[in-house]
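>>> I would like to see how this sequence folds:
(one chain, ligands or ions: 1)
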Amino acid sequence: MQQAEIGLIGLGVMGSNLALNIAEKGNRIAVYNRTHERTHEFLGEAGDLAGNIIGCDTIEEFVAAIRPPRPIIIMIKAGDPVDQQMELLKPHLAANDIMIDAGNANFHDTIRRFDALKDSGLTFIGMGVSGGEEGARHGPSIMVGGTEDSWKRVEKVLTSISAKFNGDPCVAWLGTDGAGHFVKTIHNGIEYADMQMIAEIYGILRDGLGLSAGEIAEVVAGWNKGRLNSYLIEITEKVLGAADPITGAPMVDMILDAAGQKGTGKWSVIEAQNLGVAATGIEAAVAGRVLSSQKQEREAAEKLFGLPKAHSVSDKKALIADLESALLAAKIAAYAQGFAVMAAASKEFGWSLPMPVIAKIWRAGCIIRSQFLDEITSAFTKDPHVANLIVTPAFSEMVKETDGALRRVVSHAALSGLPIPALSSALSYFDTYRRGRGTANLIQAQRDFFGAHGFDRVDGKDYHHGPWGSGAAIY
Ligand code: 6PG
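Sure thing, here's the model as predicted:
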């Protein structure tokens, strides 16, 4: 029997869709699942594609079915199960075989797993896959981290199954060990910020302007034809337009306002902090989800404080136009922060992350796919090492054009008591970033006062402490 090009363990939702995608693109694939019933059920579901799929009941059979060096995708729950699966697999593998973790792993685990295999002759790829179920089935965005040799072994198959943007495959080798999973983590961090900002705009339309879900869906549909065109805006329109099959009310109004999270947003924030990069949009989004889950406390606080009256709006149309521009301005800040985190991580972990390539493979297939990412691709292609996306010619123009709207929206929301942690963080980030003389001179003075921590002077003179307590006063 002709051997498979690749193997896959774990026929859950993501695993089975990925396997069908691989088979559909003409690649032979061997599959294995812990429960054999699922393997047989999957072969039944595969229809005509089953001809390209070798279903295996034992690990021995599975390994023997794959052409060496064997690339084996592990698509199971992130964390300990991956380590356990790798231990079970290892004794059956031979030199240069590649275990590929395609889950949402913490990149520190990926580095640990990669390092642990270093002297074994085996190797490891940490592969970020974005696009959910639909993406896995028809074309995800794929972020690969591992050795260049192992990438070459899987490049053809992964290119065949990836999403395409104007014919360009949305897959790339981004560097060694944890590079792929790190980039996927930041993708998700940006995803959190983007979703939070859209939800805040929705809040202004719903609670500030009193629009119904259907009316907001129409507004959002218009935005999807403009500069905000993106998958997240597209699904927002669909979500807002859907009716609850049980009550007939807008579905979104029947959903509890308590957001879940599995960890990638939090990891993005932790890494940003560790790397000393301000990622205020992602931080606000994670904090927003945390506060959203404290439903009972929020309800009690509402009883205690009440809610401010919505600030009156004389020109609703103008505010709605401002919301569109404000969202774009805030998005620029959040994406700039995400890319800045990746630039810092690239240095810290020695990855040489290619910024234009990352933007390029996020243009299709993934959750944050958008026209906006094509513009980011162009900006980074012109200047791959720019300090901050905001200062590139194209984005600085966009910021100049939209920051007034963001300012008006933030003021309106503040006066109406509407929560906008991510939008206001974007404005503050911009205002802080673009002000040459800030206020940290006072913080330095305070630090020196109570802890003799020292400061640098604006005139460069070699005096690093203040005359606190003993020196001349100026008032
Ligand atoms: C993707 C998604 C995917 C998943 C997240 C959701 O890129 O396809 O980001 O990875 O939907 O795990 O994360 P939360 O449950 O933390 O929102």
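
>>> Which positions in this protein make contact with the ligand?
For the chain, the residues found near the ligand under the criterion C-beta under 6 Å from any ligand atom are 104, 130-132, 188, 191, 260-262, 264-265, 366-367. Backbone N, C-alpha and C define where each C-beta goes, glycine included.

>>> Narrow these to those that are buried.
Among those, those classed as buried by 16 or more other C-beta atoms under 10 Å are 104, 130, 131, 188, 191, 264, 265, 366, 367.

>>> wait, isn't the fifth one in contact with residue 369?
Meaning residue 191. No: no contact is recorded between residue 191 and residue 369 when judged using C-beta atoms under 8 Å, the distance being 10.5 Å.

>>> Show the contacting residues for residue 175.
Remark: with contacts taken as C-beta atoms under 8 Å, 6 or more residues apart in numbering, residue 175 is in contact with 145, 346, 349, 351, 352, 353.

>>> Format the residues you listed as CSV; extra columns: neighbour count.
What follows is the contacts of residue 175, written out as CSV (neighbours: other C-beta atoms under 10 Å):
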residue, neighbour count
145, 31
346, 21
349, 19
351, 20
352, 11
353, 22
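
>>> Make CSV out of those and add secondary structure.
Formatted as CSV, the entries for the contacts of residue 175 read as follows, by DSSP: H, G, I helix; E, B strand; the rest coil:
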residue, secondary structure
145, strand
346, helix
349, helix
351, coil
352, coil
353, coil
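
>>> which regions of the stretch 301-450 of the chain lie under the pLDDT threshold?
Low-confidence segments of the stretch 301-450 of the chain, defined by pLDDT under 70, are absent.

>>> what residues are up against residue 144?
Counting by C-beta under 8 Å, 6+ apart, residue 144 makes contact with 125, 127, 128, 151, 154, 158, 171, 172, 173, 174, 179, 180.

>>> re the thing from before, kindly reformat the contacts of residue 175 as JSON lines containing distance to residue 239.
Formatted as JSON lines, the entries for the contacts of residue 175 read as follows, by distance: C-beta to C-beta, whole Å:
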{"residue": "145", "distance to residue 239": "33"}
{"residue": "346", "distance to residue 239": "35"}
{"residue": "349", "distance to residue 239": "37"}
{"residue": "351", "distance to residue 239": "36"}
{"residue": "352", "distance to residue 239": "39"}
{"residue": "353", "distance to residue 239": "33"}
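
>>> and of those residues, the nearest to the ligand?
Of all the contacts of residue 175, residue 145 has the smallest distance to the ligand: 15.7 Å, by C-beta to the nearest ligand atom.

>>> Return the backbone torsion pair for residue 307.
Residue 307 adopts backbone torsions of phi -120, psi 140, taken as degrees, to the nearest 10.

>>> what's the burial count for it?
Applying other C-beta atoms under 10 Å, we find 10 residues neighbouring residue 307.

>>> Chain neighbours aside, what residue packs nearest to it?
Distances taken as C-beta to C-beta, 6 or more residues apart in numbering place residue 417 nearest to residue 307, at 6.0 Å, with adjacent residues excluded.

>>> So the one you found sits against residue 306, correct?
No: Residue 417 is beyond contact range of residue 306, at 9.4 Å (criterion: C-beta under 8 Å).

>>> quick one: which of those two has more around it?
Neighbours of residue 417 and residue 306, each counted by other C-beta under 10 Å, are more numerous for residue 417; the result is 15 against 9.

>>> And for stretch 36-52, what's in contact with it?
Outside stretch 36-52, the residues that touch it by C-beta under 8 Å, 6+ apart are 11, 16, 19-20, 22-24, 26-29, 31-33, 53, 55-57.

>>> mind redoing it with 10 Å?
The list of residues contacting stretch 36-52 from outside it, by C-beta atoms under 10 Å, 6 or more residues apart in numbering, reads 2, 4-5, 10-12, 15-16, 19-29, 31-33, 35, 53-58, 62.

>>> Now do the contacts for the closest residue to the ligand within the chain.
Of all residues in the chain, residue 130 sits closest to the ligand, with a separation of 3.1 Å (C-beta to the nearest ligand atom). Under the criterion of C-beta under 10 Å, 6+ apart, the neighbours of residue 130 are 104, 136, 140-143, 163, 170, 183-184, 187-188, 191, 361-362, 365-369.

>>> Kindly report the same for residue 253.
Applying C-beta under 10 Å, 6+ apart as the definition, the contact partners of residue 253 turn out to be 206, 212, 213, 240, 243, 244, 247.

>>> Would you confirm that the fifth one contacts residue 249?
Yes: Residue 243 sits in contact with residue 249 when judged by C-beta atoms under 10 Å, with a separation of 7.1 Å.

>>> Could you name every residue contacting both of the two?
Jointly contacting residue 243 and residue 249 under the rule C-beta under 10 Å, 6+ apart are residue 213.

>>> what helix or strand is residue 342 on?
Element membership of residue 342 [criterion: DSSP states H and E] is helix 316-349.

>>> Tell me the first helix or strand C-terminal of that helix.
Following helix 316-349 toward the C-terminus (DSSP H and E): helix 355-361.

>>> Quick check: next helix or strand after that following helix?
Past helix 355-361, further along toward the C-terminus, the next helix or strand under DSSP H and E is helix 371-382.

>>> circling back to that earlier point, please tell me how far the residue of the chain closest to the ligand sits from residue 184.
6 Å (C-beta to C-beta, to the nearest Å).

>>> Next, show the common contact partners of those two.
Shared contacts of residue 130 and residue 184, counting by C-beta under 10 Å, 6+ apart, come down to 104, 141, 142, 143, 366.

>>> Make a markdown table out of these and add secondary structure.
Output for those, formatted as a markdown table (three-state DSSP):
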| residue | secondary structure |
| --- | --- |
| 104 | coil |
| 141 | strand |
| 142 | strand |
| 143 | strand |
| 366 | coil |
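
>>> which SSE is the most centrally placed residue in the chain in?
When the chain is reduced to its mean C-alpha position, the nearest residue by C-alpha atoms, centre = their mean turns out to be residue 188, at 1.8 Å. Using DSSP H and E, residue 188 sits in helix 179-203.

>>> The lengthiest strand in the chain to helix 179-203, inter-axis angle?
For the chain, the strand with the greatest residue count under DSSP state E is strand 123-130. Strand 123-130 and helix 179-203 meet at an angle of 20 degrees, taking axes from the mean of the first three to the mean of the last three C-alpha atoms, to 10 degrees as the criterion.

>>> Rounded mean pLDDT for strand 123-130, please.
Averaged over strand 123-130, pLDDT sits at 98.

>>> Need the contact partners of the following helix or strand past that strand.
The element immediately downstream of strand 123-130 (helix or strand, assigned by DSSP H and E) is helix 132-138. Contacts made with helix 132-138 from outside it, assessed by C-beta under 10 Å, 6+ apart, are listed as 13-22, 24, 75, 102, 129-131, 140-142, 161-163, 170, 231, 364-367, 369.

>>> tell me which residues in helix 132-138 are buried?
By neighbour count, with 16+ other C-beta under 10 Å as the criterion, the buried positions of helix 132-138 are 135, 136, 137.

>>> What of stretch 24-37?
24, 25, 27, 28, 29, 30, 31, 32, 33.

>>> Next step: those residues restricted to helices.
The members of these that map onto helices under DSSP state H are residue 24.
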